[in-house]
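A.B. asks: Next one to model:
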Amino acid sequence: MKNILTKEMIRRKSFCIFCMISILLPLTYQIYLNMGNQSGMATLYWLCRYWFYLCAVLTVAVYICLSSSLLEDVDETIAGCRGSGYYQRKGLGRFLVVFILSQAIVFLMMEFVAVRNDATGYALPMLPKMFLCNLLLPLLICLLVGCVLAQWQNQHHSAIALIVFLVMSSPLTEMMLGNKEHTNSWGNRLSYILRHIFAIFYEEANWWPNEQVGLQTEWTRFAVQFFWILLCLGMLCSIKKRKLCISGCLLLACSVACLVYAQLPASTYRHYNSNTDFYLYKEQANGLQEAADIGYTIQDYDLKLDFGRQLKVEGTLVIEAEKPMDAFVFTLYRGYKLKSLESTQPITWSLQDDLVTIHTEKPTEQLSITLQYQGYNNLFYSNMDGAMLPGWFPWYPMAGEKQIYLNFETWNSEYNTYNRIEPAHIRLDVQAPFTLVSNLAQTSERVYEGESDSICVAMSVL
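C.D. replies: Sure, this is the predicted structure:
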């Protein structure tokens, strides 16, 4: 009897710890930031920096409170009158109430700070999404993982699994990644995939966030979070019924679909892979060279830009040559995969690294081509949250062979910011859920047009 009471006391203390930490700590921290006149986004960022550590403590508290090994004697005692698993069901209900209450208080405080301290209120429309992705869903996942592992009969295995989950989702595993020389090796790819599966918290919290793109609210990150939520719910359904059921199978299938979507190529802005081009081009980079006269230019760009998981471009280019030619070369960064290239004239084309070569059957002075490509660059991001695409970077086709990276003897190697195209007529049709800033004039809704020697696009939901 004494042993049962001791276990019951541990359960109650764990629940009290959960309540105090989940409500008092974030609330106290927000009041402190509010007194320091921090903006709404800065308040959210500072919470994100330490959210993992709070969630780790709460996860352990939930695991201890709901652990089957701690409550099996209590369950056996009251199973006859209230059914088995009574304390697990009661504990889950209490945790749910505290979870909803604590997150509502944190969100309302954050909105209050944003209204009080943000003169422009620029972050208010995005705060709910950033709060959902960086605070609410990570905490929900941790609580669900604690609930699932608490149902395991083997306490040692469940404790080891809990430690592995917390370590893999912690900032510690970010050290596995970085701007490495052999970024395409299988070892690096595997480490990226493994880290991405556990990337439920805000990453690189030691760096101040990019205020244009927000706090890492890409759809691929939401997909990872929903993978864990659906996986845990599916396992809880199966554990409850002690066998695989239809609802459990559907939830597990949906979790696998989310995981597959999360691994698809996507543009994300992270410091750990923003310098991969340095290793990619350092062997072939030279000093700045004078542009050669190639004898042809792209006179007209008519492009449709679609910003989703990554940038998708389709459109028409008109190439004009000084004299009849049968070979044309243009530069397109290798991170953008060319899907199709067609013309009214018979042509063949080949792709090697950043160079696209077009051959015509007969020499011609004018060539109109339609093309489709999609992709991204790790540094110059382009997704549904924002874009930063400078005009000197070949995210769009540039006539001739351009130097993307320069190697300076007295300075670090850098991108070639001197790249330009010959003045051309440019028309952009932009499909994106945010406002665009460009070096072209806006002629109608989502359409930008004008004559320029580059195409610069910068945009953000903020």
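A.B. asks: which phi and psi does Y281 have?
C.D. replies: For Y281, the backbone dihedrals are phi -110, psi 0 (criterion: degrees, to the nearest 10).
A.B. asks: how much space between the residue lying closest to it once chain neighbours are set aside and C249?
C.D. replies: Leaving out its chain neighbours, the residue that sits closest to Y281 by C-beta to C-beta, 6 or more residues apart in numbering is Y405, at 3.6 Å. The way it works is simple: take the backbone N, C-alpha and C, and place the C-beta from them, glycine included. Counting by C-beta to C-beta, to the nearest Å, the gap between Y405 and C249 amounts to 50 Å.
A.B. asks: Looking at those two now, which is surrounded by more residues?
C.D. replies: Taking neighbours as other C-beta atoms under 10 Å, Y405 and C249 compare with Y405 leading, 16 against 13.
A.B. asks: now the strands: where do they sit in the stretch 201-350 of the chain?
C.D. replies: Assignment of strands within the stretch 201-350 of the chain using DSSP state E, counting those that start in this stretch yields the ranges 296-307, 311-331, 336-343, 347-352.
A.B. asks: Let's see the longest one as PDB, backbone CA atoms only.
C.D. replies: To tie it back to what came earlier, the one meant is strand 311-331. C-alpha atoms of strand 311-331 as PDB (Å, rounded to 0.1, in the frame of the first residue of the first chain):
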ATOM      1  CA  LEU A 311      10.300  28.600 -57.400                       C
ATOM      2  CA  LYS A 312       8.600  27.500 -60.600                       C
ATOM      3  CA  VAL A 313       9.200  29.400 -63.800                       C
ATOM      4  CA  GLU A 314       7.700  29.100 -67.200                       C
ATOM      5  CA  GLY A 315       7.800  31.600 -70.100                       C
ATOM      6  CA  THR A 316       9.100  32.700 -73.400                       C
ATOM      7  CA  LEU A 317      12.400  34.100 -74.400                       C
ATOM      8  CA  VAL A 318      13.300  35.900 -77.700                       C
ATOM      9  CA  ILE A 319      16.900  35.600 -78.800                       C
ATOM     10  CA  GLU A 320      18.300  37.900 -81.400                       C
ATOM     11  CA  ALA A 321      21.700  37.500 -83.100                       C
ATOM     12  CA  GLU A 322      23.900  40.000 -85.000                       C
ATOM     13  CA  LYS A 323      24.300  37.400 -87.800                       C
ATOM     14  CA  PRO A 324      22.900  33.900 -88.400                       C
ATOM     15  CA  MET A 325      24.000  31.400 -85.800                       C
ATOM     16  CA  ASP A 326      23.200  27.800 -85.000                       C
ATOM     17  CA  ALA A 327      24.400  27.600 -81.400                       C
ATOM     18  CA  PHE A 328      23.300  29.600 -78.400                       C
ATOM     19  CA  VAL A 329      24.400  29.400 -74.800                       C
ATOM     20  CA  PHE A 330      22.800  30.800 -71.700                       C
ATOM     21  CA  THR A 331      23.500  30.600 -68.000                       C
END
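A.B. asks: List the neighbouring strands of that strand plus their orientation.
C.D. replies: Sheet pairing for strand 311-331, assigned by DSSP bridges, gives strand 296-307 (antiparallel), strand 355-375 (antiparallel), strand 398-399 (antiparallel).
A.B. asks: That one to strand 336-343, inter-axis angle?
C.D. replies: In this structure, strand 311-331 runs at an angle of 70 degrees to strand 336-343, with axes from the mean of the first three to the mean of the last three C-alpha atoms, to 10 degrees as the basis.
A.B. asks: mean confidence score for strand 311-331?
C.D. replies: Averaging pLDDT along strand 311-331 gives 92.
A.B. asks: Can you list the buried residues in that strand?
C.D. replies: Judged by neighbour count using 16 or more other C-beta atoms under 10 Å, the buried positions of strand 311-331 are 311-315, 317-321, 325, 328-331.
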